[in-house]
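Novice: can't give you the sequence, but here's the structure:
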């Protein structure tokens, strides 16, 4: 067992204590230093290099879509999953202004089964750009349930759009810490709790202004 566990905040420390049974009998000590991987998010010195790697002008704003992996997707027909994800992506792309460039970064498990989808391919991140490099130049993060939102907001004065379009199914299949959806009092947090394209379009229009 480790002697020290690195955590970014008190909230995750409590989650580790409960989820990994590290309570009174646990010997590990928590060190709230943040994760080393997040250091790159705070490094602004190489932004031009990263945008050059993405082949986008330096003035272009970037929206990154990072949907969560769903283990129960294995039970779905592949064509249905691809269709739903493509609708999600195309809706985002259609509602963004020309000032933005959108990229889609999928979970590695999703990447394994989505190799022949043309729409998704057109928004894929180049292989030579690491995820934290991408996030370091991202202005808007769009996700559903991914914990990447906390890394992103911890070191960047940026915005997150939560779009949990299948929240009832997700809660039933995997469960969720619903408290993360009560953070909308933060100025940079804009949350859509229900699947509503109209409401989602309103959120996007706020970005485009």
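Specialist: All right, it came through fine. Values in this document were obtained by computation on a predicted structure and should not be read as measured data. Numbers count the residues shown, from 1 in each chain.
Novice: Tell me where this structure is predicted with low confidence.
Specialist: Counting by pLDDT under 70, the chain shows low-confidence ranges at 1, 22-27, 43-44, 70-78, 115-119, 155-156, 164-168, 171, 175-209.
Novice: Where do the helices of it begin and end?
Specialist: 10-19, 39-42, 47-54, 78-95, 108-113, 118-121, 131-136, 148-155, 167-173, 197-208 (DSSP state H).
Novice: Nearest approach to residue 68 belongs to which of those helices?
Specialist: For these, the distance to residue 68 is smallest for helix 167-173, at 7.9 Å, taking Cβ to Cβ. For every residue, glycine as well, the C-beta is placed using N, CA and C.
Novice: List the residues that contact residue 53.
Specialist: 126, 128, 129, 133 (Cβ atoms under 8 Å, 6 or more residues apart in numbering).
Novice: start to end distance for stretch 98-107?
Specialist: The first and last residues of stretch 98-107 sit 27 Å apart, counting by Cα to Cα, to the nearest Å.
Novice: coming back round to it: and which of the contacts of residue 53 is nearest residue 32?
Specialist: The closest of those to residue 32 turns out to be residue 133 (Cβ to Cβ; 24.9 Å).
Novice: residue contacts, that closest one?
Specialist: 40, 46, 50, 53 are the contacts of residue 133 under Cβ under 8 Å, 6+ apart.
Novice: The same query, at a cut-off of 10 Å, please.
Specialist: 40, 41, 43, 46, 47, 49, 50, 53, 54, 125 (Cβ atoms under 10 Å, 6 or more residues apart in numbering).
Novice: Can you tell me which of those residues are buried?
Specialist: 40, 41, 50, 53, 54, 125 (16 or more other Cβ atoms under 10 Å).
Novice: Residue 69 is in contact with residue 109, correct?
Specialist: Yes: with contacts defined as Cβ atoms under 10 Å, residue 109 counts as touching residue 69 at a distance of 5.2 Å.
Novice: Give me the domain ranges for this structure.
Specialist: 4-34, 45-208 (automatic domain parsing).
Novice: Can you report how many residues lie near the nearest residue to residue 12 once chain neighbours are set aside?
Specialist: Spatially, and ignoring its direct neighbours in sequence, residue 12 is nearest to residue 150 (7.9 Å; Cβ to Cβ, 6 or more residues apart in numbering). Counted with other Cβ atoms under 10 Å, residues neighbouring residue 150 total 16.
Novice: quick one: residue 150 and residue 142, what's the gap?
Specialist: Residue 150 is 15 Å from residue 142, where distance means Cβ to Cβ, to the nearest Å.
Novice: What of residue 29?
Specialist: 36 Å.
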